[in-house]
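Visitor: return atomic coordinates for the entry below.
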Amino acid sequence: MKKIMNGRKLAAVLSALILMFTGAFAGAESGADLPAAKSETVASLLQVLDFKFFVREEGIGKGTCPVYTAPSEESLRLADGMAKCSVEGEISVAGYVDGWLMVRYEIKDKKVRVGYIPPRYARGCVAKVSKIEFGAIPVQLDEEITITDNPRSNSTPFGTLPRGAEITILGKYTYTGNWWYVETRLDGTLTRGFVNRSEAAILVDGEVYHGNGELGTPVVSPLDTEQTGTITVKGSEDDAMIVRREPGTDNAMVARVYGGESFPCYGAQTLANGRIWFYIWVDGVWGWFAGGNSTFTGNE
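Guide: Here you go, the predicted structure:
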């Protein structure tokens, strides 16, 4: 890692950054444009949206519903074709896809299953969520990898995708792990599921990328600024901290980071209270991180 700047040098760099980027910060929105990258496909992969589930402790309806791995009754249905969930107790929902309700529910041994409830059952559910806008980026696997419907550390694969398999990357899920959410065919049957992003070897435009880290980082931010250095989060690997949509502790969270992790920095801003915030890129998400919780290493 590059040497961390001393206080005087860092202050000078930050002052220059503030003068340079003040105009760009006004009215800027996160995720405005695709970053420059080796190819259009890689640029798209760098901006794949994260999605999450919303817990409904009181349930969303009555009875039980069949669950498929994809929004189609022709898709794979696990548990020997009998996968189903109760909608009367605690259940998590992500949103609707073509009338199908995407849910996550617990099964035995504290494992979970992610899948879709068909429209004729979903219409009776009170989910209060929006339509999910997934992407659709086709790539090819350069190595075999397992696929699961349980995006947690205790996941159990329901299949293995061979080298050369065609997959479509729909989104990513990083709340419990580091996963691509993909659509593919398993033994000829349509399915969706999660593959480990850190282990996946994907072939993109003739080049193989091992793990999402090899895709690189954006050249230009949505603020039209280039990378100025790197920030490293203070604390231990168990210390979770928040990246916010705008600088300031009152603004919404856009990502969660942990002590020891490093991220590219594309600018800085000092608030009226004198506190510095860095504009960083966290695996496809743009946001602001408190300077007091990080150290900055400038480009040499």
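Visitor: so R244 sits right up against N251, yeah?
Guide: Yes. Counting by C-beta atoms under 8 Å, N251 is a contact partner of R244 at 4.3 Å. Quick note: C-beta positions are derived from backbone N, CA and C, even for glycine.
Visitor: helices of the stretch 51-200 of the chain, start to end?
Guide: In the stretch 51-200 of the chain, the helices defined using DSSP state H, counting those that start in this stretch lie at 78-81, 119-122.
Visitor: deepest of those, which one?
Guide: For the helices of the stretch 51-200 of the chain, the largest average neighbour count (mean count of other C-beta atoms under 10 Å) is found in helix 119-122, namely a mean of 16.
Visitor: hey, C-alpha coordinates of that helix in CSV?
Guide: Taking C-alpha atoms only, helix 119-122 is exported to CSV below (Å, rounded to 0.1, in the frame of the first residue of the first chain):
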residue,chain,number,x,y,z
PRO,A,119,-49.0,-14.0,-9.7
ARG,A,120,-52.2,-15.9,-8.9
TYR,A,121,-50.9,-16.3,-5.3
ALA,A,122,-49.0,-13.0,-5.1
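Visitor: so which elements touch it?
Guide: Counting contacts by 3 or more C-beta pairs under 8 Å, 6 or more residues apart in numbering; DSSP states H and E, helix 119-122 is packed against strand 64-66, strand 100-106.
Visitor: now do that helix: distance to the chain's middle.
Guide: 28 Å (C-alpha atoms, centre = their mean, to the nearest Å).
Visitor: pull the residues that contact that helix.
Guide: Helix 119-122 is contacted by residues 65-66, 96, 98-101 when judged by C-beta atoms under 8 Å, 6 or more residues apart in numbering.
Visitor: state the mean pLDDT of it.
Guide: Helix 119-122 shows a mean pLDDT of 96.
Visitor: picking up where we left off before, buried subset of the contacts of helix 119-122 as a ChimeraX selection?
Guide: Burial among the contacts of helix 119-122 is assessed by 16 or more other C-beta atoms under 10 Å; the matching ChimeraX selection reads:
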select :65,66,96,100,101
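Visitor: for E90, grab the count of nearby residues.
Guide: E90 has 13 neighbours, counted by other C-beta atoms under 10 Å.
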